[in-house]
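J.: below is the structure, and that's it, no one-letter string:
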């Protein structure tokens, strides 16, 4: 069974041809920086048709299409509403456009849910019945699989784990609340905090590791400084791991997952992150829930964009009862 997957990102769009067995025969990435939906929607359809043609297929061979897009989105109405990284994409009816142009039923999810489905079906999630996926990149998003189904919530906002407040007196988050998980641990928030501290310290090692450019101080520079034993970097990293443990401990107690799959920052950091995280987790959740939960790094890594839209399509068919996916 073939499906078309579309992953909308702030700088790139991945269009993929996938199967229900987890194969991606071919895919394309389109430049999406500072784009207009008037230009990109036809380009997406053209790319999908070219992928089908390259495999000797037509739209008649497509069982469904799936789209993953950055929040905020309107899932019931299939709209990309106003994502911060796609300024020109306002109330874009992408689901119905793709369905009409490809002649295939089209399913729609936010990008974190799409990533959760990808890791659950064909990645580190291993198709367990209860799983949480954390994106852990510029911001922090999540997707929750509960009793074998993607959790949507009453208004399709379940899984917005980055915006649970860990400290009401904490830093202001871009969402408008204070002390959010993302405000402490999102890559953009950590970089902003470092730049504020280092603004009058041009000779600091972290600035040197960023090539002497304060604007390029980021998580890789922080990790490098931690590896060198810099005192400020070590203190910030300790707090970063503590706040992650606090947030994940709450999630583990609330959802009692079998697996928590960790994305970008954790994947790049490896044991530098996992070891202190595991040490601190018992402070924030019960032994019973923690012992039942395995922490796993994303196995799809940078290739998750090729899978996410595909898995949105497959999940849509599963929820309709039109597909039973074999467990991997």
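T.: It's in. Since the structure is predicted, the reported quantities are computational estimates derived from the model, not experimental observations.

J.: and stretch 303-321, how far out from the chain's middle?
T.: Centroid separation between stretch 303-321 and its chain, computed with CA atoms, centre = their mean, to the nearest Å, is 14 Å.

J.: what does stretch 246-263 give?
T.: Distance, stretch centre to chain centre, for stretch 246-263: 15 Å (CA atoms, centre = their mean).

J.: and for stretch 170-185?
T.: Counting by CA atoms, centre = their mean, stretch 170-185 is centred 18 Å from the centre of its parent chain.

J.: now stretch 213-228
T.: 22 Å.

J.: likewise for stretch 217-230?
T.: Put simply, stretch 217-230 sits 23 Å off its chain's centre (CA atoms, centre = their mean).

J.: buried stuff in that stretch?
T.: Buried residues in stretch 217-230, counting neighbours by 16 or more other CB atoms under 10 Å, are found at 217-219, 221-226, 230. The way it works is simple: take the backbone N, C-alpha and C, and place the C-beta from them, glycine included.

J.: show residues contacting the helix or strand bottoming out on mean pLDDT in the chain.
T.: Least confident element among the helices and strands of the chain, by mean pLDDT, DSSP states H and E: helix 264-269 (a mean of 92). Where contact means CB atoms under 8 Å, 6 or more residues apart in numbering, the residues beyond helix 264-269 that reach it are 134-137, 185, 187, 219-220, 223, 273-274, 297-298, 301.

J.: list just the nearest of these to residue 200.
T.: When the contacts of helix 264-269 are ranked by distance to residue 200 (CB to CB), residue 219 comes first, at 21.7 Å.

J.: ok, residue 281 - contacts?
T.: When contacts are counted by CB under 8 Å, 6+ apart, residue 281 touches 245, 248-249, 252, 290.

J.: highest neighbour count among those residues?
T.: Sorting these by how many neighbours each has (other CB atoms under 10 Å) puts residue 248 first, at 24 neighbours.

J.: residues in contact with it?
T.: Neighbour list for residue 248: 134, 260, 277, 281, 284-285 [criterion: CB under 8 Å, 6+ apart].

J.: so residue 121 touches residue 312, yeah?
T.: No: under the criterion of CB atoms under 8 Å, residue 121 lies out of contact with residue 312, with a separation of 10.3 Å.

J.: okay, these two: which has more neighbours?
T.: A side-by-side neighbour count of residue 121 and residue 312, using other CB under 10 Å, places residue 312 first with 31 against 23.

J.: can you tell me how far the residue lying closest to that one once chain neighbours are set aside is from residue 308?
T.: Ranked by CB to CB, 6 or more residues apart in numbering and with sequence neighbours excluded, the top spatial neighbour of residue 312 is residue 66, at 3.0 Å. According to CB to CB, to the nearest Å, residue 66 and residue 308 sit 8 Å apart.

J.: between those two, which contacts overlap?
T.: Any residue near both residue 66 and residue 308 by CB under 8 Å, 6+ apart counts here, and that gives 5, 114.

J.: ranges for the helices of this protein?
T.: Per DSSP state H, the chain has helices spanning 37-54, 94-102, 111-122, 181-185, 187-198, 205-209, 219-228, 231-255, 264-269, 271-280, 287-291, 304-320. These are given in chain order.

J.: with distance to residue 83 added, can I get the ones you listed in a markdown table?
T.: Formatted as a markdown table, the entries for these read as follows, by distance: least, CB to CB, whole Å:
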| stretch | distance to residue 83 |
| --- | --- |
| helix 37-54 | 11 |
| helix 94-102 | 12 |
| helix 111-122 | 9 |
| helix 181-185 | 15 |
| helix 187-198 | 14 |
| helix 205-209 | 30 |
| helix 219-228 | 22 |
| helix 231-255 | 23 |
| helix 264-269 | 18 |
| helix 271-280 | 27 |
| helix 287-291 | 34 |
| helix 304-320 | 15 |
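
J.: out of those, which is the most enclosed?
T.: helix 111-122 (a mean of 29; mean count of other CB atoms under 10 Å).

J.: from the middle of its chain, how far away would that helix be?
T.: Relative to the centre of its chain, helix 111-122 is centred 8 Å away, using CA atoms, centre = their mean.

J.: which helices and strands does it pack with?
T.: Judged by 3 or more CB pairs under 8 Å, 6 or more residues apart in numbering; DSSP states H and E, the packing partners of helix 111-122 are strand 2-8, strand 62-69, strand 131-134, strand 142-146, strand 149-150, helix 304-320.

J.: of all these, which one is nearest residue 88?
T.: Proximity of the helices and strands packed on helix 111-122 to residue 88 was assessed by CB to CB; the nearest stretch is strand 2-8, lying at 12.5 Å.
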